[in-house]
Structure formats: C-alpha cells, structure tokens
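>>> please work out how this folds:
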Amino acid sequence: MLFVWMSLGILLLIGAGLACRWWYLSQDRSQEPLSIVSRQHVDLYNGGVLDEAELELARDRYSLWFLNDQQDRIQASLVPGLSYVVRVRALAELGTEEACAILEKQLDRVLTDDPIEQAWYWIDVAHCLRMLAHDESLPALLERVAQADDFPLVHFFAAEVVAFSHFTDHLNEFPDRLGEAAVRTLHRALEGLRCGISAQIVAEARLGEMLESVWDQHGQTVHPLLVRLFSEALRHQRRAKQFSQDLSEEHFEQEAYEMQVSHIAALEDHLVEYLELAKEVLPKQLDQIPHHELSDWLDALLELRADAGPTLVRLLRDDPNLPFAEQAILALGWSPSPQAAVYLREVVTRSMPGPQRNSRDWLSKRNTHNRPSHLVEAALISLRHHPSAESEQIILSGVRSSDLDIRTAAISSLGWWDPIRRKAVLMYLQDARYDRDGEVRHAARAALARIGERQALQWFKQGLVSENRHIVLESIQAIADEGITLLWPELDRLVDEEEPELASCAREALEQMQEELERERR
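Below you'll find the model as predicted:
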C-alpha cells in the first residue's frame, strides 16, 4: 500500500524524533503554535500512517473522475486541510501522466497563509513526484526554489528534490536559472543535515559525487552560490565522523555514506583555498553587481565574513533605496573598517522610528523595503561586532526605544564584549529582564548570561534539566544561538545523553559554538 512506501521514504530522510528540531529553527518565539496540519505531518514523519480506507476511497474516486475526463473536479478537491496529504498520495498511487500533471500544478499554488503548513503541502507533492521517479517535474520543483530558497522547511523540500535520479543534469546547467536553482537546492539539502535530516540522504542521492562534479566543472569560478555550497560542504566534513557513527547499526548505509564523504574529503583543501580566494575577490567585484543579484552576493559575504566595508558604505550612502540594505548593513558587522562602525552608528542615531511595530511577510522577507526600523535593527545587531564606548552608547540608546523590535535587537547586542560602562549596561539589562515582552526578557537573560551573571546562567541551566523535552531542546539551541560559552560544560554533558535527539542537538550546538569561536579568532 502507498502509506507503507511513503513511510519508508520518510525514514530515509529524517531520523525518528528529530522533527522538533526544525520547529525551533524555522520559527521565532512570537509565532503561533503549529497548525493541526503541521502536527499531522510531524506525526507522519515520526512513523505515523494514513487512514487506508480514506486513501482507497480517494484513489477510487479519482480513477473514476479520470475515466470521465473530470480533472477539474480532482483539482478542486485538493484543498488545504488534513485530507490534502491523503489526496495527493492517492494521485501518486494512480501514477498516470495526468495525475503527475495535477501534482506538478500544486507547486504553483499557495493554499494557506500559514508558511509552515504551506511548506508541508509542497513537500507532500515533491515526495510523491520523487517516489514516482517523475523527473519531468524537476524544472517545476527547481522553480519553486528559484523563487525563494528560504521558506520554512526548505531543507526537507530540498532533500526530496536532490534524490531525483536526473537532478545532476540540472546541476550541469549552472549558471543558468535552473542550474542556479539546483545549486541552491543542493546547498539547502546539505544544510538540512544540521537540522535533523538523516545522513542517509548523502548516500541515497550521492551528494559527495554531486559536489565533486560541481567542483570539476566550476571550481575555477568564484560565484556567491558556490561559496555557500562549498562552505556548507566543509561544515559537513566537521560532522562526518558523528554522522557515520549514527549509521553504525546499518553497516551497508554507513559504508555508502562514508564512500560519498570520501569524495568531499578529497576536495577539502581545494575548497578551503577557494573560500580564501573568494574572501578577497567578492568584495572587489561588489560594486559591479546588478542590484537584483545583490542578495546572493551579500549572503556570500556574510558566510565568509569578508571585509567589504568601504564598498558597502559607499553603496549605501549613494543609494538610499539600495535593495537588500538590511543584508548590506549586517555584512558591515564583519568589516574592521572604522567607517563601517561610523556608518552603523549613524543609521541608529538618524533613523530611530516611532513606536509602530512592523510585520514581516514570510515570502518576501529577503526583499524588505528598507523600512527604517528594520535598518536600525540590522545596524544594532552589526554593532555587537564593533566594540567601543561609542558603539555601547548607541546600543544603549536603542534599549530605550519604544519600538519593540528595536529594543529587542539592542538588548540582544549587549554582552558580546566586556561592558565598558558596566553599571549602566547591567542596570538596563536588569530592567529588561522584567519587560512585559517575552522576547525582550529572553534577550536580556542571554546578555546577562554572556556577561556571566549567575542568576541568568542558572535560568538556562534549569532549561537544560527540565522534564519538558521541548524546553530542553529549545534551551540547547538558545545557548548556541546566544553564544553563552560559559555553559559549554553543561552542553558537553548532554552529548552522552541516552536519548538520541537530545544528544544530537547538544552535539550540533557545540559544533556551532566551536565554529563561531574559530571564526572570531581569524
């Protein structure tokens, strides 16, 4: 039956019980709880099955409608809700070209304003098309990624797409549009291995050979998408030993995984040299890039933490409406240039908005229309990398803002260096600890923990020993994201936890903090 092979495919993509990892990574604390459809999919990804009777009924109904040339009725029946996954799988069980065409059309539909639920619908369709080996749908699947490669659960979507047998053919089309989309998809699939996707996908999709092919064809070209891909490949190599151990009970799978990793290992020195070269080349070419391509270049600069300060400041000053200005301002955080710090402080002092709080559209967050409050948030975040008395004073001015987002950004930017005006910083953070907003309180506790305040450190420690498993997982990730290195020993003890999900989350948190420390030293 269909639900059997669907379960097998799901187990290939994700380790049992790790679904809650993406829950923290794909949303912020202000969002609503998971919808009933999302909870349904979490259950399916943890071994649940569909109602066989409902599946058979849908399959028989669709078969009759196809015979009567009533495809419109089939299309109209694919509505959001708990039955959606049953109906697309019924279509997949029929497996005709007409059924595949209807499935493919679903990739162009937005069925709900809940971004996570919508992502599940797209993943359902991608999985059905993959299990049918319908490679003709690859352009439509890649077009979904070409339009936006940062929608929630994109890693799960990407893991389905890279497993198509002819996916490599589209990698060979790089740097054409679908070729770029293929590189984006491969990057997201690799990145997903740090978000709960099983390392089995590396062997099944032969990701090591894919990377080797991309390197052989394009390793001499410095391109922002390749920068992100190769950087993620090196991240994976740091974790390869542990991924291999996780597959130790499946000797064949472990051997196949290690074979793919060996392809990446052979490229490791070349990839390091490539990224060092890109760190020098990309900033020099930045002012020649068309505005519509800036987002990818800025993402690459952020990944490399390259110094593009003088060029970025010039672009930002010359064009008040520069696209992706937020990304550009965030990239200034990694420039040691004095003019970068000066510009960041100017953004905060001249652009502090009133009390309104802006909403963010989930499909266009990378194309923010440079609203002043967003630019101020980005500048405050970047200033945490420019320690000085002037920066500290500017950050403290943000703490006093009536705009909730700006206040949160300012508070979260404290504690990354030893406070210069320690009493003032502690006073502001102590006040923020009792703020009415939960995000502000969290940011304040994290800043105090970075400084070493015992009460704040104890707060995060309590989260690690909570009886609520979700709170433990969230605490682990928060410690890593907030750079609370003083709690490193507590995370280290969780690495030996008997529950695989907790141990895996703790290991990834430690790897994340280790990487941050190493990059800070460079």
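
>>> show me which positions of stretch 54-68 end up buried.
Neighbour-count burial for stretch 54-68 flags 55, 58, 59, 61, 62, 66 (criterion: 16 or more other Cβ atoms under 10 Å). Yep, even glycine has a C-beta here, placed from its N, CA and C like the rest.

>>> same check on stretch 169-187?
Quick answer for stretch 169-187 (16+ other Cβ under 10 Å): 170-171, 174, 178-187.

>>> re earlier: looking at the buried residues of stretch 54-68, which one is closest to residue 508?
residue 55 (35.9 Å; Cβ to Cβ).

>>> pretty sure the closest one sits in a helix.
Yes. With DSSP: H, G, I helix; E, B strand; the rest coil as the criterion, residue 55 is part of a helix.

>>> in this structure residue 503 contacts residue 493, no?
No. Here residue 503 does not reach residue 493: they are 10.4 Å apart, not a contact under Cβ atoms under 8 Å.

>>> who has more neighbours out of the two?
Per other Cβ atoms under 10 Å, whichever of residue 503 and residue 493 has more neighbours is residue 503, with 16 against 10.

>>> nearest residue to the more buried one in space, ignoring adjacent ones along the chain?
Distances taken as Cβ to Cβ, 6 or more residues apart in numbering put residue 497 closest to residue 503, at 4.4 Å, once the chain neighbours are dropped.

>>> look at that neighbour and give its secondary structure.
coil.

>>> could I get the pLDDT score of it?
pLDDT, residue 497: 87.

>>> check the gap between it and residue 269 for me.
Residue 497 sits at a distance of 35 Å from residue 269 (criterion: Cβ to Cβ, to the nearest Å).

>>> who has more neighbours, those two?
residue 497 (15 against 9).

>>> which other helices and strands contact the longest helix anywhere in the chain?
Ranked by residue count, the top helix of the chain under DSSP state H comes out as helix 251-285. Under the contact criterion of 3 or more Cβ pairs under 8 Å, 6 or more residues apart in numbering; DSSP states H and E, helix 251-285 touches helix 200-204, helix 207-218, helix 224-246, helix 294-304.

>>> avg pLDDT for the shortest one?
Model confidence over helix 200-204, given as mean pLDDT, is 95.

>>> would residue 420 count as being in a helix?
No. Using three-state DSSP, the assignment for residue 420 is coil, not a helix.

>>> so what's it up against?
387, 388, 389, 392 (Cβ atoms under 8 Å, 6 or more residues apart in numbering).

>>> and the spatially closest residue to the second one that is not a sequence neighbour, what helix or strand is that in?
It stands for residue 388. Spatial nearest neighbour of residue 388, chain neighbours left out: residue 341 (6.9 Å); criterion: Cβ to Cβ, 6+ apart. Element membership for residue 341, per DSSP states H and E: helix 338-351.

>>> which element follows that helix toward the C-terminus?
Following helix 338-351 in sequence, per DSSP H and E, is helix 372-383.

>>> between helix 338-351 and that next one, find me the angle.
150 degrees (axes from the mean of the first three to the mean of the last three Cα atoms, to 10 degrees).

>>> just checking, what packs against the next helix or strand after helix 372-383?
As assigned by DSSP H and E, the chain's next helix or strand after helix 372-383 is helix 389-399. Packed against helix 389-399 by the contact rule (3+ Cβ pairs under 8 Å, 6+ apart) you find helix 338-351, helix 372-383, helix 404-412, helix 422-432.

>>> what about the second one, distance to the chain center?
The gap between where helix 372-383 is centred and where its chain is centred comes out at 21 Å by Cα atoms, centre = their mean, to the nearest Å.

>>> also stretch 474-481?
15 Å.

>>> on that earlier part again, got CSV for the helices and strands packed on helix 389-399, with mean neighbour count, mean pLDDT and distance to residue 519 too?
As requested, the helices and strands packed on helix 389-399 are exported to CSV (neighbours: other Cβ atoms under 10 Å; pLDDT from 0 to 100; distance: least, Cβ to Cβ, whole Å):
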stretch, mean neighbour count, mean pLDDT, distance to residue 519
helix 338-351, 18, 92, 18
helix 372-383, 24, 93, 15
helix 404-412, 25, 95, 19
helix 422-432, 16, 96, 25
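
>>> about what we covered before: how close does the residue nearest to residue 503 get to residue 507?
Residue 497 is 10 Å from residue 507, by Cβ to Cβ.

>>> if we can go back for a sec, of the contacts of residue 420, select the buried ones using a PyMOL command.
Those of those that count as buried under 16+ other Cβ under 10 Å are selected in PyMOL with:
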select buried, resi 392
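
>>> show me which pair in the contacts of residue 420 is furthest apart.
Maximum distance among the contacts of residue 420 (Cβ to Cβ): 9.0 Å, for 387 and 389.

>>> send the alpha carbons of the helix holding residue 341 over as PDB?
The C-alpha coordinates for helix 338-351 follow below in PDB (Å, rounded to 0.1, in the frame of the first residue of the first chain):
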ATOM      1  CA  PRO A 338      36.400  52.400  11.000                       C
ATOM      2  CA  GLN A 339      34.000  53.900   8.500                       C
ATOM      3  CA  ALA A 340      31.800  50.800   8.800                       C
ATOM      4  CA  ALA A 341      31.300  51.300  12.600                       C
ATOM      5  CA  VAL A 342      30.700  55.000  12.000                       C
ATOM      6  CA  TYR A 343      28.000  54.300   9.400                       C
ATOM      7  CA  LEU A 344      26.300  51.800  11.600                       C
ATOM      8  CA  ARG A 345      26.100  54.300  14.500                       C
ATOM      9  CA  GLU A 346      24.800  56.900  12.100                       C
ATOM     10  CA  VAL A 347      22.000  54.600  11.000                       C
ATOM     11  CA  VAL A 348      20.800  54.100  14.600                       C
ATOM     12  CA  THR A 349      21.000  57.800  15.600                       C
ATOM     13  CA  ARG A 350      19.300  59.300  12.500                       C
ATOM     14  CA  SER A 351      16.700  56.600  11.800                       C
END
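
>>> which helices and strands does that helix pack with?
helix 309-318, helix 372-383, helix 389-399.

>>> centre of the chain to the last one, how far?
The gap between the average C-alpha position of helix 389-399 and the chain average comes to 30 Å, counting by Cα atoms, centre = their mean.

>>> go ahead and confirm residue 407 touches residue 395.
No. Using Cβ under 8 Å, residue 407 makes no contact with residue 395, being 10.9 Å away.

>>> on that earlier part again, look up phi and psi at the residue nearest to residue 503.
Residue 497 adopts backbone torsions of phi -60, psi 140, taken as degrees, to the nearest 10.

>>> got a list of contacts for stretch 393-401?
344-345, 348-349, 352, 376, 380, 383-384, 406-407, 409-411, 413-414, 421, 424-425, 428, 432.

>>> please identify which of the helices and strands packed on helix 389-399 is closest to residue 105.
Comparing those under Cβ to Cβ, the one sitting nearest is helix 372-383, at 35.0 Å.

>>> ok, residues contacting the closest one?
Residues contacting helix 372-383 (Cβ under 8 Å, 6+ apart): 325-327, 329-333, 341, 344-345, 347-348, 351-353, 356, 358, 368, 391, 394-395, 398, 403, 405-406, 409-410, 412-413.

>>> next, count neighbours for residue 129.
Counted with other Cβ under 10 Å, the neighbours of residue 129 add up to 26.

>>> repeat for the one 10 residues further on
By other Cβ under 10 Å, the residues close to residue 139 number 14.

>>> isn't it up against residue 176?
No. The criterion here is Cβ under 8 Å, and residue 139 misses it with residue 176 at 11.3 Å.

>>> sorry, back to before: turn the helices and strands packed on helix 251-285 into a markdown table, including mean neighbour count and distance to residue 472.
Formatted as a markdown table, these follow (neighbours: other Cβ atoms under 10 Å; distance: least, Cβ to Cβ, whole Å):
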| stretch | mean neighbour count | distance to residue 472 |
| --- | --- | --- |
| helix 200-204 | 23 | 26 |
| helix 207-218 | 19 | 31 |
| helix 224-246 | 19 | 20 |
| helix 294-304 | 22 | 30 |
